[in-house]
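Colleague: Provided below for reference: sequence and predicted model.
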Amino acid sequence: MHEVGKLLLVFGVLLVLAGLALMLVGRVPWLGRLPGDIHIERGSWTFYFPLATSLVLSAVLSLILWIVGRR
């Protein structure tokens, strides 16, 4: 049961960090408006796919996890 408690604690901390990250994302003006993001508007229909933003975030998170994993 001790291991389950540790696991739940880690998941809780990760959820808090994810929540904080989502709150701060709105303050970064360029995030979601990069040149490679696909945005199509036709009348009342809108399609948005943040391709470049996804690639940048993936690269940053991969770098952070690689650095953390080396320790």
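Modeller: Right, received. Where do you want to start?

Colleague: and the pLDDT for the residue of the chain most remote from its centre?
Modeller: Going by CA atoms, centre = their mean, the residue of the chain most distant from its centre is residue 1, 31.5 Å out. pLDDT for residue 1: 79.

Colleague: same question, residue 5
Modeller: pLDDT, residue 5: 89.

Colleague: and if you look at residue 66?
Modeller: Per the predicted model, pLDDT is 90 at residue 66.

Colleague: helices of this protein, residue ranges please.
Modeller: With DSSP state H as the criterion, the chain has helices at 2-25, 51-69.

Colleague: now residue 51. Nearest residue, chain neighbours left out?
Modeller: Spatial nearest neighbour of residue 51, chain neighbours left out: residue 36 (5.2 Å); criterion: CB to CB, 6 or more residues apart in numbering. C-beta here means a position set from N, CA and C on the backbone, and glycine is covered the same way.

Colleague: isn't that neighbour up against residue 49?
Modeller: No. In this structure residue 36 lies outside contact range of residue 49 using CB atoms under 8 Å: 9.9 Å.

Colleague: please parse the chain into its domains.
Modeller: Following automatic domain parsing, the chain resolves into domains at 1-29, 31-71.

Colleague: what about residue 16, distance to residue 9?
Modeller: Taken as CB to CB, to the nearest Å, the spacing of residue 16 relative to residue 9 amounts to 11 Å.
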